[in-house]
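# sequence below, structure please.
(one chain, ligands or ions: 1)
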Amino acid sequence: MIHKPVLLKEVIEYLNPKPGENFIDCTVGEAGHTLAILEKNGPSGKVLGIDWDAKQIENSKALTANFKDRVILVNDSYANLKKIVDENNFNLVNGILLDLGMSSFQLEGSEKGFSFKKDQLLDMRYDDANNDLTAEKIVNEWGREEMEKILEDFGEEKFARQIAKNIVEARKTKRIKTTFQLVEIIEKSIPRRRLQGIHCATRTFQALRIAVNGELDNVTKVLPEAFSILSSGGRLVVISFHSLEDRIVKNFFKNPPSASSGGGGAKILTKSPVTAQDGEMDENPRSRSAKLRAIIKL
Ligand code: SAH
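The predicted model follows:
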C-alpha cells in the first residue's frame, strides 16, 4: 500500500517553499509532504519533521536519508512544538504544516485497531510507548456516561447513548478486546434503517481515536505555538478531516494571537477551505474529507 499525500499541490502552493527556507512538518507520517518540501527548499533549506508515532519516524528516516542534515526528525507530539523547536535550535521558520489525524499506513497496516474493517486489538494510540490510555481501556473501564459524552462530542454520534449502554452491557460477560467485537455491539445499537451511508462504526471509531490521543487538545495547543514560531511572512497550513478539527482551525485563524494583542497580525489565504478535486478523491480516499486552511503571518 502506497501512501499518497493529501492535497500535495495545494500544500506546496500555500507553503510556497523557496531555496534556503526552513519548514516544520508537524505530522511527517509517511514523509510525502516532507519530501515535496525538501525538493523545493534546497540546497540549504531544512525541514524539521515531527511525528508522535515512533514507527512513522523510523520509516521516514529511510525515506529522507538522501537529504542528510537538511532533515531533522523528532518523535514527539506536536503539542510540544515550542519545546521541540527550542531543543533543536530551529530558527527562522518560513512555514509550518499540520496534516491532522492518521495516515493510510496507520489505518491499513499498523495493526493498532484504527480500522473497523480489520479485526485487531483495540489500541488506537499513536504513541504506544508513553500513552497508557488505549481504546480497549475506554470501552472496558470508563463509565457509561463518560463514554456517551465522548461519542457525542468527538464522534457527533446520534446513537451515543444506545452504543454506550450496549458496551456496558456486553462487557459484563466478556472483556471487549477487538475491533470486531466493538463493531458487533455498534451494529446492534443502531436501528437497521439507519445503517446506510457511512459505516455505522465510523463515528465511534473516530471518537475513540480522538479521546485516546487527546487530538482536539493537541490541535488547540499547537496552533498558537506554531503561529508564534513563524517568521514574519511565514505560512501556517492546516489540513483537517472532520468538522470538530476544522472548527478549531477556523476560529483560530479568525483571531490569531498577534492580531488580538495588537501585533503585526495575519492574513487568511483561504477564504473558504480548500478541498480535493474529484480526481484526487477517486485515487485517495483519505482526501475525501480533507479541508485545507492557510494563513500568513504579517
Ligand atoms: N503528511 C503525511 C501524512 C500525515 S498522517 C504524509 O504526507 O505522509 C498524520 C500523522 O500525524 C500520523 O503519522 C500520526 O502519527 C501523526 N500524529 C497524530 N497526532 C500527532 C501529534 N499529536 N503529534 C505528532 N504527530 C501526530
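# could you check the pLDDT of the residue of the chain positioned farthest from its centre?
Here the chain reaches farthest from its C-alpha mean at residue 173, the gap being 34.8 Å by CA atoms, centre = their mean. On the pLDDT scale, residue 173 is placed at 97.
# where exactly do the strands run in this structure?
Secondary structure of the chain (DSSP state E): strands at 22-25, 47-51, 71-75, 93-99, 230-240, 266-268, 291-297.
# what about the second one, distance to the chain center?
Strand 47-51 has its C-alpha centroid displaced from the chain centroid by 14 Å (CA atoms, centre = their mean, to the nearest Å).
# stretch 47-55 too?
For stretch 47-55, the distance to the chain centre is 12 Å (CA atoms, centre = their mean).
# so which residues on the chain come close to the ligand?
By CB under 6 Å from any ligand atom, the residues of the chain that approach the ligand are 3, 5, 27, 29-33, 50-53, 56, 77-79, 99, 101-103, 106, 126, 213, 218. Any C-beta I mention is one placed from the backbone N, CA and C, and that applies to glycine too.
# among those residues, which are in helices?
Those of those mapping onto helices are 32, 33, 56, 106, 213, 218, per DSSP state H.
# and these, which is closest to the ligand?
residue 32 (2.8 Å; CB to the nearest ligand atom).
# outline the domain layout of this structure.
Here the domain parsing of the chain from automatic domain parsing is 8-106+216-297, 110-213.
# returning to what we had before: could I get the strands of the chain in a markdown table, plus columns for distance to residue 11 and mean pLDDT?
Conversion of the strands of the chain to a markdown table gives the following (distance: least, CB to CB, whole Å; pLDDT from 0 to 100):
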| stretch | distance to residue 11 | mean pLDDT |
| --- | --- | --- |
| strand 22-25 | 10 | 98 |
| strand 47-51 | 13 | 98 |
| strand 71-75 | 17 | 98 |
| strand 93-99 | 6 | 98 |
| strand 230-240 | 6 | 97 |
| strand 266-268 | 16 | 95 |
| strand 291-297 | 7 | 97 |
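# mean neighbour count added to these, as a markdown table?
Formatted as a markdown table, the strands of the chain follow (neighbours: other CB atoms under 10 Å):
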| stretch | mean neighbour count |
| --- | --- |
| strand 22-25 | 27 |
| strand 47-51 | 26 |
| strand 71-75 | 20 |
| strand 93-99 | 25 |
| strand 230-240 | 22 |
| strand 266-268 | 16 |
| strand 291-297 | 23 |
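# can you redo those as a markdown table with distance to residue 257?
Formatted as a markdown table, the strands of the chain follow (distance: least, CB to CB, whole Å):
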| stretch | distance to residue 257 |
| --- | --- |
| strand 22-25 | 18 |
| strand 47-51 | 21 |
| strand 71-75 | 24 |
| strand 93-99 | 14 |
| strand 230-240 | 11 |
| strand 266-268 | 9 |
| strand 291-297 | 10 |
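# which residues of the stretch 51-200 of the chain score low on pLDDT?
Low-confidence segments of the stretch 51-200 of the chain, defined by pLDDT under 70: 193-196.
# all helices of it, in order?
54-63, 81-87, 104-109, 135-141, 144-155, 160-173, 179-189 (DSSP state H, counting those that start in this stretch).
# for the residue farthest from the centre of the chain, give its distance to residue 180.
16 Å (CB to CB, to the nearest Å).
# which residues touch residue 16?
95, 235 (CB atoms under 8 Å, 6 or more residues apart in numbering).
# change it to 7 Å
residue 235 (CB atoms under 7 Å, 6 or more residues apart in numbering).
# got the confidence number for it?
For residue 16, the predicted pLDDT is 98.
# repeat that for residue 262.
58.
# now residue 35
97.
# okay, now it: neighbour count?
21 (other CB atoms under 10 Å).
# do you know how far it is from residue 71?
Residue 35 is 9 Å from residue 71, by CB to CB.
# what touches both of the two?
Counting by CB under 7 Å, 6+ apart, the residues touching both residue 35 and residue 71 are residue 64.
# residue 141: what's it in contact with?
Per CB under 7 Å, 6+ apart, neighbours of residue 141: none.
# kindly report the same for residue 23.
Counted by CB under 7 Å, 6+ apart, residue 23 has contacts 15, 17, 37, 41, 47, 94, 95.
# at 10 Å instead, please
15, 17, 33-34, 37-38, 40-41, 45-49, 90, 93-97, 234-235, 237 (CB atoms under 10 Å, 6 or more residues apart in numbering).
# same check on residue 286?
So, once contact is read as CB under 10 Å, 6+ apart, residue 286 ends up touching 3-7, 99, 101-104, 107, 239, 241, 276, 280.
# again, only this time at 7 Å
Residue 286 neighbours (CB under 7 Å, 6+ apart): 6, 104.
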